[in-house]
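Engineer: Sequence and predicted structure below; questions after.
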Amino acid sequence: MRARRFDWTDAARVAASIRDWTADFEETVDVAPIAAAVRSRGDRALLELTARFDATEAGLESLRVDPAAGPEALGGLEPGLREALELAAENVRTVAAAQVAEPKLAVPLPQGQSVTVREIPVSAAGLYAPGGRAAYPSSVLMCAIPACVAGVERISLASPPAPDGGLPPLILAAAALCEVDEIYAMGGAQAIFALAYGTETVRAVDVIAGPGNAWVREAKRAVSGTVGIDSLAGPSELMLVAGHDTDPEWAALDLCAQAEHGGEGALVAVAVEEAVLDAVAGATEKAAKERSGVGDVPLALVRVPDLSDAIDLANAFAPEHLQLMEEDAALMADRVTTAGCVFAGRHAATAFGDYAAGSNHVLPTGGAGRFSGPLGPSVFRRKIATVEVSAEAAAKLAPHVDRIARAEGFPVHGESAMIRSES
């Protein structure tokens, strides 16, 4: 852990200082050459890039994974692990289903016209499940289930293969559990560009969702506008507000758990009492040293004047995860307006949300919680408006349309409306 204390001034300044400090540890990348290669050479570029970065021991002959591989992997799971994945999937599905709005909303208006807004799913979604150090079936569940609940017709999954060229059985099993339609053994920026633009083998999609490293994030930024994206998720973040009765060991494990994602994430420990902050800092340093998988993550330590300031800091920082380990956590949570997900109470560890609580773990990072939220079915759905105007409504509306249109310098708009009022 690279711990640093930040003196309290005000919420906005401290939040900005922490952001500036942690940004120094983030990787910057250039994905333009990869985009050009995939667009110009398609499958051939994908296979070359996959062999260079992922399948380094055995070159791939095909990007598309045999559809039978998923059910086979699911059937081969250890029963306890399969039960855990099924429980997590059902909880995520239940929460996702509750978010789907009425598919059609008709609004009658006083002049006699009506506006109907329909919400329909996109035709195809591309999902990304990161790989590298390990397999992450939870990311498959978190992305695929909202897409399924949204009603997406075709769901494609991309995930980087292991050095031997195969996808981890856990990824395949999770894909089968979520009834993913297409699976591709490809990772990194090249996978995002392939899903966005299409190749000889990979069919283009309408929306791309899922977490990834800096290369994946920058590729999603580059294709945004060509396709929809869920968010530009960066390194994992956790802000933890500790109270006088917080167990330092519990808090330390929560912070170290997020540090398992790598060395670029932002961890912030906040407390009113200096002794509490010192205890959490000491326990976290000790826990990190004792666990080999915990990355060398920056840990910001902030003592605030009171709990109200702690919430102000959280709202200014907009953390991906916010843990409130205070007695009045539920009441405090009501004041939070920007966090990706709030975990209220001493038993509500972020780890529950990462896997099985039912919330989604694909969350806004880097302060994006100010304008976005968790991945859900809405990412995979779009609205279409239908306007019906009767003759009577046209007669009432046309003079108003004509006045506004002429004021904007578009007189033909006005004529278009007025001619309908004369029939």
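Structural biologist: Received, thanks.
Engineer: Now do the SS call for residue 110.
Structural biologist: Using DSSP: H, G, I helix; E, B strand; the rest coil, the three-state assignment for residue 110 comes out as coil.
Engineer: State the pLDDT value of it.
Structural biologist: Predicted confidence (pLDDT) at residue 110: the value is 94.
Engineer: where's stretch 96-103 relative to the chain centroid, distance-wise?
Structural biologist: The chain centre lies 18 Å from the centre of stretch 96-103; the measure is CA atoms, centre = their mean, to the nearest Å.
Engineer: Quick check: chain neighbours aside, which residue is closest to residue 250?
Structural biologist: Computed as CB to CB, 6 or more residues apart in numbering, the closest residue to residue 250 that is not its neighbour in sequence is residue 346, at 6.9 Å. To be clear about C-beta, it is placed using only N, CA and C from the backbone, and glycine gets the same treatment.
Engineer: Please disregard the earlier target; I meant residue 206.
Structural biologist: residue 122 is the one closest to residue 206 (CB to CB, 6+ apart), at 4.0 Å.
Engineer: Could you do residue 277 as well?
Structural biologist: Nearest non-adjacent residue to residue 277, counting by CB to CB, 6+ apart: residue 271, 4.1 Å away.
Engineer: quick one: contacts for the one you found?
Structural biologist: The neighbours of residue 271, taking CB atoms under 8 Å, 6 or more residues apart in numbering as the test, are 241, 242, 243, 246, 277, 280, 302, 303, 304, 310.
Engineer: Which one of those is nearest to residue 109?
Structural biologist: Closest approach between these and residue 109, by CB to CB: residue 310, at 46.1 Å.
Engineer: How many neighbouring residues does that closest one have?
Structural biologist: Residues lying near residue 310 (other CB atoms under 10 Å) number 26.
Engineer: rewinding a little: and the residue nearest to residue 250, that one's in a strand?
Structural biologist: No: looking at residue 346 with three-state DSSP, it is coil, so not inside a strand.
Engineer: Tally up the residues packed near it, please.
Structural biologist: Quick note: residue 346 (other CB under 10 Å) scores 19 neighbours.
Engineer: That one and residue 332, how far apart?
Structural biologist: Between residue 346 and residue 332 the computed distance is 13 Å (CB to CB, to the nearest Å).
Engineer: quick one, helices of the stretch 1-150 of the chain?
Structural biologist: Taking DSSP state H, counting those that start in this stretch as the criterion, the stretch 1-150 of the chain carries its helices at 11-23, 32-53, 69-75, 79-97, 137-150.
Engineer: got the angle between the last one and helix 79-97?
Structural biologist: Right, the one you point to is helix 137-150. Counting by axes from the mean of the first three to the mean of the last three CA atoms, to 10 degrees, helix 137-150 lies at 40 degrees to helix 79-97.
Engineer: Beyond helix 137-150, next helix or strand please.
Structural biologist: strand 154-159 (DSSP states H and E).
Engineer: elements contacting that next one?
Structural biologist: If contacts are counted by 3 or more CB pairs under 8 Å, 6 or more residues apart in numbering; DSSP states H and E, strand 154-159 sits against strand 124-128, helix 137-150, helix 169-177, strand 182-185, helix 188-197.
Engineer: just to revisit the earlier point, give me the beta-bridge partners of the residue nearest to residue 277?
Structural biologist: residue 242, residue 303 (DSSP bridges).
Engineer: Quick check: the gap between it and residue 249.
Structural biologist: 15 Å.
Engineer: how much space is there between the residue nearest to residue 206 and residue 151?
Structural biologist: From residue 122 to residue 151 the distance is 9 Å (CB to CB).
Engineer: any residues in contact with both of the two?
Structural biologist: Overlap of the contact sets of residue 122 and residue 151 (by CB under 8 Å, 6+ apart) consists of 380, 381.
Engineer: out of those two, which sits in the more crowded spot?
Structural biologist: Using other CB under 10 Å, the more surrounded residue of residue 122 and residue 151 is residue 122, with 20 against 15.
Engineer: wait, isn't that one in contact with residue 207?
Structural biologist: Yes: assessed by CB atoms under 8 Å, residue 122 is found in contact with residue 207 at 5.2 Å.
Engineer: Give me the common contacts of these two.
Structural biologist: Shared contacts of residue 122 and residue 207, counting by CB under 8 Å, 6+ apart, come down to 228, 380.
Engineer: residues in contact with the closest residue to residue 350 other than its chain neighbours?
Structural biologist: Leaving aside its sequence neighbours, residue 350 sits nearest to residue 321 (CB to CB, 6+ apart; 4.6 Å). For residue 321, the contacting residues are 236, 237, 238, 239, 258, 339, 340, 341, 343, 350, 353, 363, by CB under 8 Å, 6+ apart.
Engineer: Of those residues, which is the most crowded?
Structural biologist: Most surrounded of these: other CB under 10 Å gives residue 237, at 29 neighbours.
Engineer: What pLDDT is listed against that one?
Structural biologist: 94.
Engineer: Same question for the one 5 residues further on.
Structural biologist: For residue 242, the model assigns a pLDDT of 97.
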